[in-house]
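S.K.: fold the following and give me the result.
(chains A and B)
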Amino acid sequence: MFKNMLKRSWLSTIRKPSRTIILVLILFVMANMLLATIAIKNSVNSSMQYAKDKIGGTVYLSVDSEKMRANREAQTATGDEATGSFTMPTISEDLAIGLADSSYIKDYTYSLSTTANASGFTVVETAQNERERQFQSAFNDARDQMNNAETEYNAERDRFNSSNSGAAPGGGGMGGGTRPNFSFDFNVDIGDPSLSRGDTEVQGINSFDFVSGIEDGSISVVSGTSFDENTENGVMISQELADANSLAVGGELKLKTTADETEQTYTITGIYQSTTEGFNNNTVYTNIAGAKKLLSSTQLESVTVESVHYYLNSASDKAAFLAEAATKYPTLADDGLKLDIDDSSYQTMVGPIENVGSFANTILWVVVIAAVVIITLIVAINIKDRRYEMGVLLSLGARRTNILGQIFLELVIVGTIGFLTSLGTSQVLAKKMGEDLLQQQITSSQETAQTPSAVGGRNIMIGGGQPTTTQEQIKEIDVRAGTKEYATLFGSGYLILIIAMILPSINILRYQPKTILTSKE
Amino acid sequence: MNKLIIKNLKHTYSDGQAHVNVLKGVNATFESGKMYAIVGESGSGKTTLLSLIAALDNIQDGDIKYNGKSVKTIGEQKFRLKYSNIVFQSFNLIKYMTAQENVEVALDFANKSRLEAGKVLASVGISKTESKRLVQKLSGGQQQRVAIARAIASDTPIIVADEPTGNLDEDTEEKILSIFHDLATKQGKIVILVTHSKKVAGHAHAIVYKMRSGVLTK
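M.R.: Presented below is the predicted three-dimensional model:
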């Protein structure tokens, strides 16, 4: 039966070439549009998934600046600002490590910032040094002034007390005739050595590979190798610091703690270079253990850390990890901290491409609706022209399904020719369309970014160190139709053909042959 | 002997508000091996009767039975396929097919071998060369013979024909009539022809029925 249907379909297709060519051309155009938009859409989805995997695979523990701001605003509104105290939340090392103890985490990193003083080498001149000197000078001036004020005040107090000698010390009373001694001590100590900053910035991090500049390419290793958490007393120093002090890989670097001037000796494992403008070249990177050697005993009692990143096994583990963290540390939010992905980076990455996807989606629907309407009209006209033939076939004893099958097979034949010929051209069209759409969106987003209200910048650190924009926009999409796209095209294409043929065919075949054959329409 | 019995057959056409009673209770019996001619004026209901015998339309009232089995019970589609075939006045051949392919379509539906097409076409006088030509390239007489070949290809026991010789010259008309006569007498089919032609009605072996205002009489 199928063979007979196929034969009639084939005969109808090849013996009516003009009709076949018109249908093939229309289906070819529709298929090109369909395949191009499907390819763009799938490519956009892949790129977005890539962005999700890249961004969503990392969870940050940071200070919830939004919540902090909201709390401050609430205090201001209720008038509690004067009495209420404001403490900036900090992330303890214990919390950072405790959260990492999860089956969803494949790796994690955090940094520990401190300063130390150079020992046996000279720091290089940087903008930070200048600022530091200015700060230190202002600090010292303020301390001297306060000490002078203390001396003067205490002398004045002693003079006052000696002029009231004979009166009961600390005595009082309204009718006593003598004034009480003034025993208040003005005692200021702002010269705590632990508050002073060293001339060398020390960054402790699990591994030098986790330094944010490594990921975005602004920091690179010039010589030697980077350290990791198992490297004992290893440090990475800048090229500038090395050149200024003739330091080399394998050499020693000595640092003194700011608390008690204890000297610590490190081995230079590598030398790095930063391309970031204004970078402090006196920054020495070491692992967490190395950095802790420079902390005072007070600081070691409660180590606070920054830039806490958790690398998930898969981006899809995010929700489970967050749920687990909420169970293990239920007061996390109340403590002013939050765990989340870097949403702003995700938006930066996928912004233009998301718009392309949305546009491609709209085009896809327009194309599908247009295809259904146009093909339905053409097929309807074609079927109407063949009502006589359908009446004849029914009069010969054909089943209605047999005739429907023949018409469908005819459409499958022309559809397959149209779809197959579109496979080559649609690749070119899809690529061109995808690139043009993306460039349009990138230009548009750049124009928006140049407006005064727009906030730009990279690696902006907020509170506990959540980078807000560390990723570049996705500026290229690989629009390529593959098996999945072809399958979608053929599937949706044949579905459109079925929709197009079913109504006009049934509209004729619902009648008896006599009605069909005698109908004048 | 196979019998086709028409019992109190009534049929009405509705055209908006107007209702036309085309058949007003037709009764008739047709037997195998015989050729019948139904004559009558235009609009008397001949073609409607023929359409109902060929199961091209639904029976509204009354019944048509073949060997005791009602068309309604058998089903119109199955009746067209197994019992009755029609030769249209305007041939109704499928234009984009050759003579042979037109016949093969009927053979396919009847689940018969396509190889039969050549023999059937030869039996109505269509040569092998003619059978390979598109039907629209054939003459009226040749097309009529292809239409007959298609009707007889599925070997149904009833063959009905609407004005089968209407557009043909005398020589061809005679040949076509003999084909129908042979179908009845040699193949034992019930052959019913609807015609205006006195020649057809006066054919020596035709049993003539007259249709007048929806009533069939001998």
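S.K.: A:V308 falls within a strand, correct?
M.R.: Yes: judged by DSSP: H, G, I helix; E, B strand; the rest coil, A:V308 forms part of a strand.
S.K.: can you pull the pLDDT of it?
M.R.: We note a pLDDT of 89 for A:V308 in this prediction.
S.K.: and the strand or helix carrying A:A320, what does it pack against?
M.R.: Using DSSP states H and E, the element containing A:A320 is helix A:318-328. Applying 3 or more C-beta pairs under 8 Å, 6 or more residues apart in numbering or on different chains; DSSP states H and E, one finds that helix A:318-328 contacts strand A:58-63, helix A:93-100, strand A:304-312, strand A:337-340. For glycine as for every other residue, the C-beta is placed from the backbone atoms N, C-alpha and C.
S.K.: contacts made by that helix with the rest, please.
M.R.: For helix A:318-328, the external contacting residues (C-beta atoms under 8 Å, 6 or more residues apart in numbering or on different chains) are A:56, A:59, A:98-99, A:102, A:104-105, A:310, A:312, A:332, A:339-341.
S.K.: ok, which of the helices and strands packed on helix A:318-328 comes nearest chain B?
M.R.: Nearest of those to chain B, taken as C-beta to the nearest C-beta: strand A:304-312 at 63.5 Å.
S.K.: from the chain's centre, how far out does that closest one sit?
M.R.: Distance of strand A:304-312 from its chain centroid, counting by C-alpha atoms, centre = their mean, to the nearest Å, is 15 Å.
S.K.: could you give the angle of it to helix A:318-328?
M.R.: If you take axes from the mean of the first three to the mean of the last three C-alpha atoms, to 10 degrees, strand A:304-312 sits at 140 degrees to helix A:318-328.
S.K.: now the chain, which segments are flagged as low pLDDT?
M.R.: Picking chain A for this. A:51-56, A:79-86, A:128, A:132, A:165-196, A:342-350, A:441-442, A:444-477, A:520-521 (pLDDT under 70).
S.K.: you answered for a different chain; I wanted chain B.
M.R.: B:167, B:204.
S.K.: and the strands in it?
M.R.: With DSSP state E as the criterion, chain B has strands at B:3-15, B:18-31, B:35-40, B:61-66, B:69-70, B:84-87, B:158-162, B:190-195, B:206-212, B:215-217.
S.K.: any chance of CSV for these, columns distance to A:V211?
M.R.: Formatted as CSV, these follow (distance: least, C-beta to C-beta, whole Å):
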stretch, distance to A:V211
strand B:3-15, 89
strand B:18-31, 94
strand B:35-40, 103
strand B:61-66, 95
strand B:69-70, 93
strand B:84-87, 90
strand B:158-162, 94
strand B:190-195, 99
strand B:206-212, 104
strand B:215-217, 105
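S.K.: on that earlier part again, just the buried ones from the contacts of helix A:318-328?
M.R.: Neighbour counting by 16 or more other C-beta atoms under 10 Å in any protein chain shown classes A:G56, A:V59, A:L99, A:S102, A:Y104, A:I105, A:Y310, A:L312, A:L332, A:L339, A:I341 among the contacts of helix A:318-328 as buried.
S.K.: so how far is chain B from the closest residue to the third one other than its chain neighbours?
M.R.: Spatial nearest neighbour of A:L99, excluding adjacent residues (C-beta to C-beta, 6 or more residues apart in numbering or on different chains): A:A325 at 5.6 Å. Separation of A:A325 from chain B (C-beta to the nearest C-beta, to the nearest Å) stands at 70 Å.
S.K.: same deal with A:A155?
M.R.: According to C-beta to the nearest C-beta, A:A155 stands 123 Å off from chain B.
S.K.: and stretch B:24-44, how far apart are its ends?
M.R.: One end of stretch B:24-44 to the other measures 10 Å (C-alpha to C-alpha, to the nearest Å).
S.K.: buried set for it?
M.R.: Buried, per 16+ other C-beta under 10 Å, within stretch B:24-44: B:25-26, B:28, B:30, B:32, B:34-40, B:44.
S.K.: could you find the closest non-adjacent residue to the residue of the stretch 301-450 of chain A found nearest chain B?
M.R.: Proximity of the stretch 301-450 of chain A to chain B (C-beta to the nearest C-beta) peaks at A:G397, 2.9 Å away. Nearest non-adjacent residue to A:G397, counting by C-beta to C-beta, 6+ apart: B:L81, 2.9 Å away.
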